[in-house]
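Requesting a structural model of the entry that follows:
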Amino acid sequence: MGHHHHHAHSHTHNDLKGRNLLISILLNIAITVSQVIGGIISGSLALLSDALHNFSDVISLIISYAAARLGKKRASSLKTFGYKRAEIMAAFVNAATLMVVAIILMKEAVKRLLEPQEIESNLVIWLSLLGVVANGFSVLLLKKDSKENMNMKSAYLHLLTDMMASVAVLVGGLLMKFYQVYWVDAVLTMLIGLYLIYMGYDLLKESTKVLMLFTPRSIVVQEIVESICTLEPVKNVHHVHIWQLNEEEVHMEAHIDFKEDIKLSEFDVILERIEEHVYHKHGINHVNIQPEFDKCDSKNVIVQD
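Below is the predicted model of the structure:
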């Protein structure tokens, strides 16, 4: 049995990521409280909807922060992978909450559209402006990490969509102030809900694939099998499993049937070539190979366990 790891970690980067999340949490708590008070006083559903979305941001950011902290915990005999999947689970939960919040917003928007109400637009304008500035700052803090981490991307999407929601509420407030078009409050809420569903669905789908141990989209199993079969004295590659553990680790296990009863030292040389190939060509950084010779088992590439 052979295995190999290629890993790279940065504790300084993780600490910075955690600090940025904490700042975003505190900012969103302040926005949520001010928007709830302002929404009740002004009677603006869009402002209350934005506050609800901000509250979901606070929850999602706390989940993301907790997951990022858990992800750094060491593995043990009872948790051999540690908490490496914590951030993927956080991304899944956050994506799901995005869509739930969206449905709630759209339901309330339909009610308000049927019964438009006069709204205190000055308060809406100032509080939505606060939301744009605070969320915009949070978006800038998390933007870099969102490109390489699914958990951070889920937090970033919550904040990005909330910033856009605040922009929409601001535009609505200005239209209500100068043109007395009160139905725009409900229409903007509906648009915010639709956008949340659009943004959340893709992240929900991607995190589900990782949790279900699906092969990463960029990897073609047959190509890997064919390339390994070109090595001498490999006869057959079968029982292949490739899955993504988290953002940093892609694992592969396979059985290799050899034409000859080779020495262990010869197998080690072949294994090293396989490890380097799949790492540099396919980004697989954990390889576990079971060598076989003249063994009677299924030779299918994919075998249901």
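
what's the closest non-adjacent residue to residue 134?
Nearest residue to residue 134 in three dimensions, chain neighbours excluded: residue 27, at 4.6 Å (Cβ to Cβ, 6 or more residues apart in numbering). All C-beta atoms are positioned from the backbone trio N, CA, C, and that covers glycine.

list the buried ones in the helix or strand harbouring that neighbour?
Per DSSP states H and E: residue 27 is located in helix 11-42. Of the residues in helix 11-42, 17, 20-21, 24-25, 27-29, 31-32, 34-36, 38-39, 42 count as buried by neighbour count, 16 or more other Cβ atoms under 10 Å.

same for it, what does it pack against?
For helix 11-42, the elements it packs on are helix 45-70, helix 121-146, helix 150-179, judged by 3 or more Cβ pairs under 8 Å, 6 or more residues apart in numbering; DSSP states H and E.

Mean pLDDT and distance to residue 268 for those - can I get that in CSV?
Formatted as CSV, the helices and strands packed on helix 11-42 follow (pLDDT from 0 to 100; distance: least, Cβ to Cβ, whole Å):
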stretch, mean pLDDT, distance to residue 268
helix 45-70, 81, 36
helix 121-146, 86, 38
helix 150-179, 82, 35
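
Using CSV, please lay out those together with distance to residue 260.
As requested, the helices and strands packed on helix 11-42 are arranged in CSV below (distance: least, Cβ to Cβ, whole Å):
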stretch, distance to residue 260
helix 45-70, 47
helix 121-146, 49
helix 150-179, 44
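
got those as CSV, with mean neighbour count and distance to residue 96 columns?
Listed next are the helices and strands packed on helix 11-42 as CSV, based on neighbours: other Cβ atoms under 10 Å; distance: least, Cβ to Cβ, whole Å:
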stretch, mean neighbour count, distance to residue 96
helix 45-70, 23, 10
helix 121-146, 20, 18
helix 150-179, 23, 10
